[in-house]
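Asker: no letters, just coordinates:
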């Protein structure tokens, strides 16, 4: 073996050792270390938000951060409990697309601009309490929906019917179609009321109504293919409780 081959072998061993010793965090893999660090950071933000809501000058911001982290945690937990075979880091829904991030960014930008120029607008009042109520209502309905549907719940619309796929009509599904969508719809609007964001509140109404109208129309088309008359009868007697949907 010549000197060049020896150097190549030594370099290869160094690279292999470096790869083995590499600490892999935030690499998108559903690894134990990523799961734990995501959960830890969500817990830090949630706890910090609650503390800030009691001792800070703008309590609604702390409450919103806590509500947001609880939302993401419950999304992951429900998937872990009922659909572990589909569980990934994306089940937290933190990386839920550019539109989702843009919506939250717009909410934060409006909040801080209005707080800077018009601080009186951000005084916690009855509108904030109404927003907090809608957040609790929305989160409660979405969580109950996920726990009622169990393995039938999915973050994605499926185009083929699995063998164990059934039409869920019990529990909260007796009261409304798509209770998880209902939950997020009112959760998102409640968040803007809590933050006292009039511009985003109006904008969210139009965006959410358009998004869920399109999504529900497509999903209900697939459900009718899957369940036929059973779905038609269920749909006829069960509202969505979302305006114009």
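Answerer: Good, I have the coordinates. Model, not experiment: these values are computed from the prediction. Residues are numbered from 1 along each chain as shown.
Asker: buried ones in the helix ranked longest in the chain?
Answerer: With DSSP state H applied, the helix covering the greatest number of residues in the chain is identified as helix 198-227. When burial is assessed from 16 or more other Cβ atoms under 10 Å, helix 198-227 yields the following buried residues: 200-201, 203-204, 207-208, 212, 216, 219-220, 223, 226-227. Using the backbone N, CA and C atoms, a C-beta is placed for each residue, glycine as well.
Asker: tell me what that helix is packed against?
Answerer: Using 3 or more Cβ pairs under 8 Å, 6 or more residues apart in numbering; DSSP states H and E, the elements in contact with helix 198-227 are helix 98-117, helix 179-194, helix 229-237.
Asker: buried residues in the longest one, which are they?
Answerer: Same thing as helix 98-117. With burial defined by 16+ other Cβ under 10 Å, the residues of helix 98-117 counted as buried are 103, 106, 107, 110, 111, 114, 115.
Asker: for stretch 151-166, same thing?
Answerer: 152, 153, 154.
Asker: so which of the residues you listed would you say is closest to residue 66?
Answerer: Closest approach between these and residue 66, by Cβ to Cβ: residue 153, at 23.9 Å.
Asker: leaving aside the residues adjacent along the chain, what's closest to residue 241?
Answerer: residue 176 (4.9 Å; Cβ to Cβ, 6 or more residues apart in numbering).
Asker: let me fix that: residue 132
Answerer: Nearest in space to residue 132, with sequence neighbours left out and distances taken as Cβ to Cβ, 6+ apart, is residue 194 at 5.4 Å.
Asker: pretty sure residue 177 contacts residue 238?
Answerer: Yes. The pair residue 177 / residue 238 is scored as a contact, 4.9 Å apart, by Cβ atoms under 8 Å.
Asker: who has more neighbours out of the two?
Answerer: Between residue 177 and residue 238, counting by other Cβ atoms under 10 Å, residue 177 is the more crowded of the two (22 against 15).
Asker: what's the distance between that one and residue 204?
Answerer: Taking Cβ to Cβ, to the nearest Å as the criterion, residue 177 is separated from residue 204 by 21 Å.
Asker: okay, the buried residues of helix 198-227 in CSV with distance to residue 142 and pLDDT next?
Answerer: Putting those into CSV (distance: Cβ to Cβ, whole Å; pLDDT from 0 to 100) gives the following:
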residue, distance to residue 142, pLDDT
200, 20, 98
201, 20, 98
203, 21, 97
204, 16, 98
207, 18, 96
208, 14, 97
212, 13, 96
216, 15, 97
219, 16, 96
220, 19, 96
223, 19, 95
226, 22, 94
227, 22, 94
